[in-house]
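**Q** Below are the sequence and a predicted model; questions follow.
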Amino acid sequence: MIRWRLSMRLLARNWQSGEQRILVAALVIAVAASTAIGFFTDRLGRGMTNQSADFLGADLTLVSPRPVDTGWLREAQAEGLKVIETLEFASVVVSGEALLLSSVKAVQDGFPLRGAMRTAPAPFAPDADTDELPSPGEAWAAPRLLTNLGLQIGDSVDVGAHTLTITRVITFEPGQVGNPFGISPRLLMRMEDVPATGVVQPGSRLKYQYLFAGREVDVAIFRNGLEPRLGPSHELVGVKEGRRAVGSALERAERFLGLAVLAAIVLAGVAVAMAARRYSERHFDMSAMLRCMGASQRDLLGLYLPQLLVLGLAASAVGCVLGWVAQYGLLYLLADLLPASPSTPRAWPVIAGFATGLITLAGFALPPMMRLKDVPPLRVLRRDMLPLPSRAWLVYGAALCAIVAVMWRYTDSWPLTLSVLAGGIALVVLLGLLAALFLLLSRRFNTHVGVAWRFGLNNLWRRRRSSVNQILAFSLTLMAMAVVALVRTDLLTTWQQQLPDDVPNHFAINILPDQVEDFGAFMEEAGIDTAQLYPMVRGRLVEINGTAVRKAVTKEARSDNALNRELNLTWTTRLQEDNRILTGRWWQPDDAGKPFVSVESKLAERMGIGMADELRFAVGEQHFTAKVISIRDVKWDSFRPNFYMVFPPGFIDSFPATYMTSFYLHKEEKSLLREMVSRYPAVTVLEMDRVIKQVGRIFQQVTLTVEYVLVFTLLAGFAVLFAALQASQDERLYEGALLRALGGSRRQLRAGHLAEFTALGGLAGLLAAMGAECLTWVLYSKVLHLEYSFQWLLWITAPVAGALLIGAAGYWGTRAVVERSPMLLLQNQ
Amino acid sequence: MIATRNLSKRVDTAAGPLDILTDIGLEIQAREAVAIAGVSGSGKSTLLGLLAGLDLPSSGEVLLSGHRLNDLDEDGRARVRGELVGFVFQSFQLLLGLTALENVMLPLELRGDRDPRDQAAELLRRVGLEERLQHYPKQLSGGEQQRVAIARAFATEPAILFADEPTGNLDNVTGERVIDLLFRLNQDKGTTLVLVTHDEHLAGRCDRLIRLEAGKVVADDNEVHSA
């Protein structure tokens, strides 16, 4: 207790003297960055889960062609879950003389369990959320059903033997998770009315859908219990699967953000280490004195470590508050991408923030602080007595442990952590060597410049270790910023170039085989270019090399959409323009009719499908096997029809197929759609123009967010600069006093400092340009497949920006050197 | 109180091993005031460091109030120092971040005293600094700083006080006053005083003078007295 009081008193005094401010500032930056991202991703993640649930209409749905064991439903209720049942079937809806094959859905009270349906009072009228359902004897219909049958609201239709009055237009229905391809227009009715229709007979093709909702844990428990008992005809869809479909762009953004935060934490850690080292060195005398007074090594640790702990906790608390505020900035930047009301924040990012603060402190500050206990007491008589330097393995080992701990939190994967770590170390070593080389060159160059520059460059060289650290810190930061800026601009430009004004923005699907020619003629007549018409056969992948597909793939791949849904199979003679064969070969003319298949590369990777594998497909009740003879790279974002599985012509042609195509429609030509739909009632048109616009916006926002987080990284870079300035402060003050005593003017000194930091910033910028050039080259050629061009502008902007930023900060940071009286300083030596 | 036998200190230098102290045998009685004198480099500070257990000899042994220092590790020696020893240094060695009062309280707090404030204030009053309790070292003159250091050294009422050139950083008049104070407190408290100095006048004020030259005892009043 007494030591604690003493320790806190020392802390208060040290704080007043400003000694620990850099250390605390660096920690605050690290914690703020980590907490901001923590809050943000947590809220985003849960917001998206909720959104997926809204989209799904439930937290979990079970689809089955037959009613499931009612025991399962009782189990769900016992877990505290809400359960409702819906039934879907295809039925011809009749209105007078007109008939239309429709997808009828019968629902119970409470539908949907999550989210809301949207309805409108008339086709193409503004729609709104509703929590109501059609009353018995009523039905709600999709706009297409009304237009195709020529109906108005209030008209009646027959479903089987029952007549229903249409009271509303349904525009959105949660739970319509099936592929939009091939949907017949929806008619929504009450479950109570189903028996009267007489449609449900033994042998009818029915789709029972059970919706479950409840607390996350309860859902998980129920799901885990149910999964092993599911049969091949059952399909479980949870929000996890839903989210995967929605959020890959955001997931990638999260990963980028994680890396930016990691960079901020590592830089802050370097600043912490430098500040702790200075703190430790300034306390050698005190430790020696305390040793003289009988303090044991434990006593010393008992004095210093509580100070460190309190500083860590206080800095973490401040960091958490700042992180909390900063997340609002992120939410604001990404407002368009996010669910309307992101879920409420939870406490764990605060815990993670404190953990980050304390781990950073332990990893970077502990080794220098531990030296304090080893100060020899003889130092009171002989000032030259120093404790042994911290062992290198301890210093780097502790820092590495801290970095790995933090990194693992962001990547959640050991291979990724270790590879990023290895890459990072290699980069730092390489940049460090280059920085040292630059310093060496600057020394050579030294004799050809004016006094101020000579003074500045000499300073850099004399403190070369610290200079290299600072150059590294800033070059890494500037490099990250440059890469993000370059990639953003280039990706957007390239993407826009790839998507010329007439990029297909509409898909027409469900074109019947006998309409193909007519449809082509219709489009030609309207003066609209269409892509090729592709046939689509709906089928499932059931076996890989004779093994049932669920057993053949990894556990993670089991929930893959490609397994849980029917795939669109197609055949074509010509490889699509934007597809590329990665391995194997494309069909030759004599391959027609042979049992071959070409598989999309990412699906192949996820499913573990390789060349020459035998894939077995089911189309309806029929099965067939094909051999993989090529793996294809597909550009999904090209907005052209694309397929996972492509077959040679003449092999699956005998299965019932519909056709699809994509085309470009200008805003003013939209009226054509109505004509198209009335002429080809079976055809469904998907409007992609909004999606295309949205993708561009998403991209801009995501990169903006990454840049926002890089500001933390830049701040951490400044923490390194100021820690280095603080470390050299005493020496600088003394030199400054001496130079002024010898007749040097303030102006000369200031010019020298300005030169020193401008050179430091310029060198950092130059290195950043080199690094960014290399990185973007790798990114463009290996990852993004963009055309690489030399970024000459970068070689000017990065060094100039570095020189200006760091020159100004350094100039400001060394102002004390000329402000203090030389007399005072020399007296105190 | 203090005894050494065959005490030697040898260090390795670039030019080969260097003997700083050779074969020192001393006995210092309780309440004795001993001056260790010699020119710069004669080994007197090294001897002080060894006697106080701040360093270990290359050979020979030191007994401090019955504790054989050679047998103790650094923490053990620190414990002995905490119980028995006080220090006054040429450079005062005050903690700049603490007030005069807090500097004096420090050894008491380390010892675990519950309320060292009054004790420390009383000591500062005795060294004439009752008006300066809340001043930081930088706000005190050299003489005042050394008086704080003396108050601190006596705070735990040590059996032995080691003083290393206590007037070395002070002018003559101030130095004289500080020494008066040191001797007065020494007498009041019945402390054994070991004082290292190159100041003959100061050395002359002690009961006994041990003179070192090139690491060897060349004169010891004790031997003269006992002879």
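**A** That came through, no problem. This one's a predicted model, so the numbers in the text were calculated from it and none came from an experiment.
**Q** helices or strands next to the strand or helix carrying A:Ala12 in the packing?
**A** Secondary-structure assignment from DSSP states H and E places A:Ala12 in helix A:2-16. The helices and strands touching helix A:2-16, judged by 3 or more C-beta pairs under 8 Å, 6 or more residues apart in numbering or on different chains; DSSP states H and E, are helix A:297-333, helix B:100-111. Heads up, the C-betas are built off the backbone N, CA and C, glycines and all.
**Q** can the first one be found next to chain B?
**A** Yes - residues of helix A:297-333 contacting chain B under C-beta under 8 Å from any C-beta of the partner chain: A:297-299.
**Q** Need the buried ones from these selected in ChimeraX.
**A** Buried members of those, identified by 16 or more other C-beta atoms under 10 Å in any protein chain shown, are gathered into one ChimeraX selection as follows:
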select /A:297,299
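**Q** Can you list phi and psi of the closest residue to chain B within chain A for me?
**A** Among residues of chain A, the one nearest chain B by C-beta to the nearest C-beta turns out to be A:Gly294. It sits 1.8 Å away. A:Gly294 adopts backbone torsions of phi 100, psi 10, taken as degrees, to the nearest 10.
**Q** just checking, B:Val127 touches B:Leu181?
**A** Yes - using C-beta atoms under 8 Å, B:Val127 is in contact with B:Leu181, at 5.9 Å.
**Q** got any residues that touch both of those two?
**A** With contacts taken as C-beta atoms under 8 Å, 6 or more residues apart in numbering or on different chains, B:Val127 and B:Leu181 have B:147, B:150 as neighbours in common.
**Q** More neighbours: those two, which one.
**A** Each of B:Val127 and B:Leu181 had its neighbours counted (other C-beta atoms under 10 Å in any protein chain shown), and the higher figure belongs to B:Val127 (24 against 20).
**Q** Secondary structure element holding the nearest residue in space to that one that is not next to it in sequence?
**A** Take B:Val127 and drop its neighbours on the chain: the residue closest to it by C-beta to C-beta, 6 or more residues apart in numbering or on different chains is B:Arg147, 4.2 Å away. Of the helices and strands defined by DSSP H and E, B:Arg147 is found in helix B:142-155.
**Q** Can you report how many residues lie near the nearest residue to A:Arg346 once chain neighbours are set aside?
**A** On the basis of C-beta to C-beta, 6+ apart, the spatially nearest residue to A:Arg346 that is not a chain neighbour turns out to be A:Asp42, at 6.0 Å. Here the number of neighbours of A:Asp42 (other C-beta under 10 Å) works out to 19.
**Q** who touches B:Ala52 in this structure?
**A** Neighbour list for B:Ala52: A:292, B:64, B:81, B:85, B:87, B:162 [criterion: C-beta under 8 Å, 6+ apart].
**Q** can we see that at 10 Å?
**A** Listed by C-beta atoms under 10 Å, 6 or more residues apart in numbering or on different chains, the contact set of B:Ala52 reads A:292, A:377-378, A:380-381, B:2, B:62, B:64, B:69, B:77, B:80-81, B:84-87, B:160-162, B:164, B:194.
**Q** How confident was the prediction at it?
**A** Confidence at B:Ala52, expressed as pLDDT, is 90.
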